[in-house]
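**Student:** Pasting the sequence and the predicted model now:
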Amino acid sequence: MKPVTDPSMYSGDSLTKVPLTRRTLLGAASAVAVAGSFPSTLLAQPTYPSKAITLIVPNPPGGNTDILARIFSVPLAKTLGQPVVVENRAGAGGVIGMTAAARALADGHTIGLGNLSDLVVSRYAQPNVPYDPAKDFIAVSTLAKVSIVVTALPTFPAKSFQEFLALAKANPGKYKCGTAGNGTMGHLCLEALQAAAGLDIAHVPYRGGAPALNDLLGGHIDVLIDGSALSQVRAGKLKALAVTAERIPVLPNVPTIAESGVPGFSFGNYWGLLMPTGSPAAAVNRINTEIKRLLEQPEIRQQLENAGFAPLASTPMEYGQALQKSYDQIGQLVKKAKISFD
């Protein structure tokens with residue numbers, strides 16, 4: 001798979017693109033540029049990795065971020081010759097896990113797996129987060145992008161997203177929509193949808209996509225905006241009303257929100273790997289190279305597609321630039337739609 005050529009990548013086609021006027025988020029200018037600041041003892045290490053790698057997932061098991069971690073951890077361990085241990089550190093909209101990743105020993109053996117919720121939206125939802133993405137991380141590589149899915153129980157009265165819009169407009173405040181938590185992409189998508197379509201839907205935040213999915217299956221909420229429900233949709237336990245950006249191969253007949261009564265609406269998410277600032281350039285380059293190789297393998301691409309993802313490779317610089325653009329774009333959206341994360 002070719003590297004990303006458009007650094008804005010997947011932050012949402014409906015958002016206005018803005019030039020880079022702030023410092024690049026997650027300072028990933030290039031491995032060569034940052035290498036000069038590393039201690040010579042780190043650069044002189046004969047092999048990398050020299051021990052097991054910890055892959056921190058800032059969300060509970062079962063959600064999209066965890067699914068991605070499981071897809072990549074085993075083949076990455078094989079190609080690196082060292083175990084890749086997935087460690088779930090859930091809570092606070094991804095902030096707990098990303099804080100742990102930022103504070104880890106910067107020897108290349110701890111990697112954080114983040115998405116726009118953890119790295120961008122959290123900066124607006126929780127201004128006092130204990131890490132600064134612009135200073136505390138080095139971008140390594142993107143992994144995948146995804147449309148978010150709007151799901152409901154098969155018994156839900158709306159058979160389509162257009163019907164759901166009509167019901168929601170006719171019954172302000174009646175319907176409850178679950179997301180993976182305050183300050184997550186699902187939450188931001190819901191707020192953007194309400195602003196665009198003039199809706200009044202109650203937001204029910206959870207500590208991750210998995211518990212939100214469980215409550216949807218239990219009938220405690222009416223709809224869910226999250227990507228963790230695909231297997232339940234394919235099993236017939238849930239129905240997909242719409243996807244939030246482009247159509248996805250595993251649900252080819254499910255329309256986008258833009259096709260279902262909200263013209264121009266588009267909202268997606270993407271994931272990537274990061275290391276704490278000060279990590280060796282050799283480690284950044286090695287992981288980036290191996291991820292690109294894995295993304296070219298048909299079996300990995302098939303696993304991603306089956307889970308609703310699209311492969312997305314990049315250089316460290318492209319990933320850092322993409323996050324900066326997403327930060328600016330989402331900031332514009334938060335301000336324009338007057339989104340509150342309280």
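**Tutor:** Cool, got the structure. What you see is a predicted model; the values in this text were computed from it and never measured. Numbers count the residues shown, from 1 in each chain.
**Student:** Where is the longest helix in the protein?
**Tutor:** The helix spanning the most residues in the chain, taking DSSP state H as the definition, is helix 316-337.
**Student:** buried residues in it?
**Tutor:** Buried residues in helix 316-337, counted by 16 or more other CB atoms under 10 Å: 316-331, 333-334. Yep, even glycine has a C-beta here, placed from its N, CA and C like the rest.
**Student:** Can I get that helix in PDB, CA atoms only?
**Tutor:** In PDB, the C-alpha atoms belonging to helix 316-337 read as follows (Å, rounded to 0.1, in the frame of the first residue of the first chain):
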ATOM      1  CA  PRO A 316       5.900   9.600  10.700                       C
ATOM      2  CA  MET A 317       5.900  13.100   9.200                       C
ATOM      3  CA  GLU A 318       2.600  12.600   7.300                       C
ATOM      4  CA  TYR A 319       0.900  11.200  10.500                       C
ATOM      5  CA  GLY A 320       2.100  14.200  12.600                       C
ATOM      6  CA  GLN A 321       0.900  16.700   9.900                       C
ATOM      7  CA  ALA A 322      -2.500  14.900   9.600                       C
ATOM      8  CA  LEU A 323      -3.100  15.100  13.400                       C
ATOM      9  CA  GLN A 324      -2.300  18.800  13.300                       C
ATOM     10  CA  LYS A 325      -4.800  19.400  10.500                       C
ATOM     11  CA  SER A 326      -7.400  17.300  12.300                       C
ATOM     12  CA  TYR A 327      -6.800  19.400  15.500                       C
ATOM     13  CA  ASP A 328      -7.500  22.600  13.600                       C
ATOM     14  CA  GLN A 329     -10.500  21.200  11.700                       C
ATOM     15  CA  ILE A 330     -12.200  19.700  14.800                       C
ATOM     16  CA  GLY A 331     -11.500  23.000  16.600                       C
ATOM     17  CA  GLN A 332     -13.400  24.800  14.000                       C
ATOM     18  CA  LEU A 333     -16.300  22.300  14.200                       C
ATOM     19  CA  VAL A 334     -16.500  22.600  18.000                       C
ATOM     20  CA  LYS A 335     -16.600  26.400  17.800                       C
ATOM     21  CA  LYS A 336     -19.100  26.500  14.900                       C
ATOM     22  CA  ALA A 337     -21.500  24.000  16.400                       C
END
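**Student:** how about the helices in the stretch 1-150 of the chain?
**Tutor:** 31-35, 40-43, 64-80, 95-102, 116, 122-125, 133-136 (DSSP state H, counting those that start in this stretch).
**Student:** can you redo the ones you listed as JSON lines with distance to residue 164?
**Tutor:** Listed next are the helices of the stretch 1-150 of the chain as JSON lines, based on distance: least, CB to CB, whole Å:
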{"stretch": "helix 31-35", "distance to residue 164": "47"}
{"stretch": "helix 40-43", "distance to residue 164": "54"}
{"stretch": "helix 64-80", "distance to residue 164": "22"}
{"stretch": "helix 95-102", "distance to residue 164": "31"}
{"stretch": "helix 116", "distance to residue 164": "24"}
{"stretch": "helix 122-125", "distance to residue 164": "26"}
{"stretch": "helix 133-136", "distance to residue 164": "35"}
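**Student:** deepest of these, which one?
**Tutor:** Most buried of the helices of the stretch 1-150 of the chain, by mean neighbour count (mean count of other CB atoms under 10 Å): helix 116, with a mean of 28.
**Student:** So which of the helices of the stretch 1-150 of the chain is nearest residue 312?
**Tutor:** Across the helices of the stretch 1-150 of the chain, residue 312 has its closest neighbour in helix 64-80 (10.8 Å, CB to CB).
**Student:** for the closest one, what is the average pLDDT?
**Tutor:** Across helix 64-80, pLDDT averages out at 95.
**Student:** elements contacting that helix?
**Tutor:** Secondary-structure packing of helix 64-80 (3 or more CB pairs under 8 Å, 6 or more residues apart in numbering; DSSP states H and E): strand 53-57, strand 84-88, strand 110-115, strand 137-147, strand 268-276, helix 281-295, helix 298-306.
**Student:** and these as JSON lines, adding mean neighbour count?
**Tutor:** Shown next, in JSON lines, are the helices and strands packed on helix 64-80 (neighbours: other CB atoms under 10 Å):
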{"stretch": "strand 53-57", "mean neighbour count": "22"}
{"stretch": "strand 84-88", "mean neighbour count": "16"}
{"stretch": "strand 110-115", "mean neighbour count": "26"}
{"stretch": "strand 137-147", "mean neighbour count": "27"}
{"stretch": "strand 268-276", "mean neighbour count": "26"}
{"stretch": "helix 281-295", "mean neighbour count": "20"}
{"stretch": "helix 298-306", "mean neighbour count": "15"}
